[in-house]
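J.: Next comes the sequence, and after it the predicted model I'd like to discuss.
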Amino acid sequence: MTNTELNYSTAEPQNSYSVIPDKTIAKVRMHVKFGYHNDDSKGWTNDWATKSERTDAVYLNCEYTIISGKYEGRRVWSIIGLHSEKGDKWAQMGRSFIRTVLESANGIHSNDVTEAANSARTIKSFKELDGIEFIAQIDVSPDQEGNDRNEIRYAITKEHNEYDALMKLNGRFKIGQTKAMPEKDLVEDELPF
């Protein structure tokens, strides 16, 4: 057995990212992390939902990657409420957010009640949200220690005056792809680091 030292003296110092400014609008790709909580009666299947051990709240644990623009490559973490013992408000906010994400990803106006629009607002599984691309508003709020952190609570739909321009932006990813794609299908591009 050899005793090898790993010397990191020549490595570049780690970048320190400041919080993205409040109300920044950007194109993002959502990744839903497995939480391994299922309830078939509510449609929470295939391990997508997460249940808090502390509060019994159920939510989707999401990571959003900004895929174009000034903050391309940065990540934001937020949860989407599915159930709370305290009442229905949190779950209703989560349902509204998911609806608006689907509208944003599919270029649907929020007041469109056509069959096609209603079909685009319907999913069979939370799996369909994993990899979806949409326009999001990035907010700043305090974390549990009182430090500023970014979160995503609002999706931006076609009614917004910046929607069309932002949806057309292309970073290292293909334009208009609303579902996750295999790595081999990504546009060949230099890595940002």
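T.: Happy to help now that I have it.
J.: mind checking the SS state of the closest residue to T50 other than its chain neighbours?
T.: Leaving aside its sequence neighbours, T50 sits nearest to G35 (C-beta to C-beta, 6 or more residues apart in numbering; 2.5 Å). Quick note: C-beta positions are derived from backbone N, CA and C, even for glycine. Look at G35: counting by DSSP: H, G, I helix; E, B strand; the rest coil, its state is coil.
J.: Does G35 touch A49 like I think?
T.: Yes. The criterion here is C-beta atoms under 8 Å, and G35 meets it with A49 at 5.3 Å.
J.: Pull out the buried positions in the one helix or strand W77 maps to.
T.: In this assignment (DSSP states H and E), W77 forms part of strand 75-83. Within strand 75-83, the residues scored as buried using 16 or more other C-beta atoms under 10 Å are V76, S78, I79, I80, G81, L82, H83.
J.: Repeat that for stretch 37-48.
T.: H37, W44, W48.
J.: what's the answer for stretch 85-94, then?
T.: W90, A91, G94.
J.: how far out from the middle of the chain is that stretch?
T.: Centroid separation for stretch 85-94 versus its chain: 19 Å, with C-alpha atoms, centre = their mean, to the nearest Å.
J.: thinking again about what came up before, so for G35 and A49, which residue has more residues nearby?
T.: More crowded of G35 and A49, by other C-beta atoms under 10 Å: A49, with 24 against 20.
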